[in-house]
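**Q** the sequence isn't on hand, but the structure is:
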């Protein structure tokens, strides 16, 4: 199945096209009477991630708050209901009125999560959706080489204006904070290091993720297997996913009677078909499994490229196999915030096939090899998630209560 053909350029131009409507919403928001006890939560990919962690924490500390998730479809409705959260459709009239009334809101992608300017004037907390390795926002390098300077400058100014309406942008680490400040054109005082609330979902897992994956394996006739791996490439502008996987890589995966490989494409990418025909590979569709963070604790090893899932998985101190099959092109556009050799500590592979071979090698029981990978994961976590998997949502809540920085 094809991805949703998302494009940053298209997204920005769509905002420009909607400027008259956004101007109306901003006027309405300016005169709106806001209810401090009403908080909204939303996320482009669906119920989960940091906004869910904050909603669950707010419910624990203050039952008097009205917490509402703005959903996008029936699957979102079911997930919100599962978590016992009030929900309303984001694109409905009621959803718009809630945005004009709310005292605060949490988002992970942008103001489109919360109906754009309708939420301006409330406390708006941008949780983002991962510590950035690939360049984002105004730091992105265009595939065109920024040839259309005027258009790019207009888009950058438009995005900077929108970002200026964030009360806070939450960062998992000082390193990520520097990148978010640059990408969003915000002063350091607005990008606050508290730790990432979505990491709390990993810390409070209690085996639920593993049970979910085990049940899924059983439905595919793969019950009883002890090793679970996940292959999760990042998003690319052209929608490409894992390709160039050779027959040898597929055969050694199929030969492992103790291994299940779960593959998850980015929500904006096409689904991964490189493993078609391999019996112990299961696709985790972003449509069915909308919050991969909630499943991380169930995996034993990760294979990825430039995705922030690597930093998130690192908090578990488990092996991460890194591949960079298109490093020269990806480093050129959209670009990377740091040299990939440094990020990978010099251990990455030039193709998905080589990465698969290394993943299977980690299943052989070589303690020294596994330990070296675990050590790298701990070092990565120290850089990108120094607060770990506990207390992140609490620190964000304390920040909002005090109105002070939390560096």
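**A** Received it, and whenever you're ready, just let me know what you need. Note that the structure is a prediction, hence the values are computed from the model and not measured.
**Q** isn't residue 76 right next to residue 87, touching?
**A** Yes: using Cβ atoms under 8 Å, residue 76 makes contact with residue 87 at a distance of 7.3 Å. From N, CA and C alone the C-beta is placed, and that goes for glycine too.
**Q** find residues that contact each of the two.
**A** Here residue 76 and residue 87 share the contacting residues residue 69, scored by Cβ atoms under 8 Å, 6 or more residues apart in numbering.
**Q** longest helix anywhere in this protein?
**A** When the chain is scanned for its longest helix (criterion: DSSP state H), the result is helix 367-384.
**Q** contacts for that helix?
**A** Under Cβ under 8 Å, 6+ apart, the answer for helix 367-384 is 131, 172-173, 175-176, 310-311, 313-321, 345, 347, 361-362, 388.
**Q** of these, buried ones?
**A** Taking 16 or more other Cβ atoms under 10 Å as the criterion, what is buried in those is 131, 172-173, 175-176, 310-311, 313-316, 318-321, 362, 388.
**Q** show me those residues that map onto strands.
**A** Of the positions in the buried ones among the contacts of helix 367-384, 320-321 sit in strands, assigned by DSSP state E.
**Q** quick check: the gap between residue 264 and residue 225.
**A** Counting by Cβ to Cβ, to the nearest Å, the separation of residue 264 from residue 225 is 18 Å.
**Q** and the two? Which one has more around it.
**A** Counting neighbours by other Cβ atoms under 10 Å for residue 264 and for residue 225 shows that residue 264 has the greater number, 24 against 16.
**Q** can you give me how far the longest helix of the chain is from the chain middle?
**A** Taking Cα atoms, centre = their mean, to the nearest Å, one finds the center of helix 367-384 at 21 Å from the center of the full chain.
**Q** after that helix, next one along is what?
**A** Once helix 367-384 ends, the next helix or strand along the chain (criterion: DSSP states H and E) is helix 392-402.
**Q** and that following helix, what does it pack onto?
**A** Judged by 3 or more Cβ pairs under 8 Å, 6 or more residues apart in numbering; DSSP states H and E, the packing partners of helix 392-402 are helix 49-61, strand 123-126, strand 168-171, helix 198-203.
**Q** what angle do that helix and helix 49-61 make?
**A** 70 degrees (axes from the mean of the first three to the mean of the last three Cα atoms, to 10 degrees).
**Q** ignoring the adjacent residues along the chain, who's closest to residue 137?
**A** Of all residues not flanking residue 137 in the chain, residue 183 sits nearest, at 3.2 Å (Cβ to Cβ, 6 or more residues apart in numbering).
**Q** coming back round to it: give me the subset of the buried ones among the contacts of helix 367-384 lying in helices.
**A** Among the buried ones among the contacts of helix 367-384, the members falling in helices (DSSP H) are 175-176, 310-311, 313-314.
**Q** for these, which one is nearest residue 338?
**A** Closest to residue 338 out of those is residue 175 (8.7 Å), distances taken as Cβ to Cβ.
**Q** which non-adjacent residue is nearest residue 80?
**A** Per Cβ to Cβ, 6+ apart, closest to residue 80 is residue 87, 3.7 Å.
**Q** checking my notes, that neighbour in a helix, right?
**A** No: judged by DSSP: H, G, I helix; E, B strand; the rest coil, residue 87 forms no part of a helix; its state is strand.
**Q** what's near enough to touch it?
**A** Residues in contact with residue 87 (Cβ under 8 Å, 6+ apart) are 68-71, 76-77, 80-81.
**Q** one more pass at 6 Å, please.
**A** Applying Cβ atoms under 6 Å, 6 or more residues apart in numbering, we find residue 87 in contact with 69, 71, 77, 80.
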